[in-house]
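Asks: Prediction below, plus the sequence it came from.
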Amino acid sequence: MAFPVMNAQVVSRLVGEGNINNTVTHIVKELTTGAHNLFSVPAVVDVSGMEFSLGVVSDNTDGSAGLAAETGTSAFRPAMSDGGTAGVGTAILFDNSGGLSSSTIYTAYTPHYATGTSTTDLDADDWVNLRVTGNGATVAGAGFVNTQVSYVYGKPGSIS
């Protein structure tokens, strides 16, 4: 029996710190490292069926469209994580060597994609977080990031 289509969700969030208006310099801060809560799931979710997309909207110097390098110590390095019910968990939901942290760069408005690879499911009320493990202090860093997560929640009682 297939999962009900009405349980499919697409969640999009703009994550950033500061103001996108670029008429004044240095109004966009570097997106801080750590967890940024996006949403909590209403029921159990099979992570292997989740799809993730991230795109840099602006750099962190003046709010203009920019680039965020993915390699090096000062690069923007994102992941998505299972935040647990408290929103602070760190279990990565996909193989971080995939599309979201390749050796290329984030070109403004061009998304990178990944699919879930975690062998554990999200439980009801677990948070999905954007986890930033590195971000540059120059144009190599991200100020605003557009996130999108697609998933199907719940499962029929006959499936364990």
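Replies: All right, it came through fine. Numbers count the residues shown, from 1 in each chain.

Asks: Mind pulling up the pLDDT for residue 29?
Replies: Reported pLDDT at residue 29 in the predicted model: 76.

Asks: Show me the strands in the chain, by range?
Replies: For the chain, strands defined by DSSP state E occupy the ranges 8-16, 34-40, 51-59, 68-69, 77-84, 91-92, 105-106, 112-115, 127-134, 142-152.

Asks: quick one: which of those strands is nearest residue 121?
Replies: strand 77-84 (9.2 Å; Cβ to Cβ). All C-beta spots, glycine's among them, are computed from the backbone N, C-alpha and C.

Asks: Identify all contacting residues around that closest one.
Replies: 35, 37, 47, 52, 54, 70, 89-94, 96, 100-101, 114, 118, 120, 122, 126-135, 142, 145, 147, 149 (Cβ atoms under 8 Å, 6 or more residues apart in numbering).

Asks: Only whichever of these are buried, select them in PyMOL.
Replies: Buried residues among the contacts of strand 77-84 (16 or more other Cβ atoms under 10 Å), as a PyMOL selection:
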select buried, resi 35+47+52+54+70+89+92+93+94+96+100+101+114+118+122+126+127+128+129+130+131+132+133+134+135+142+145+147+149
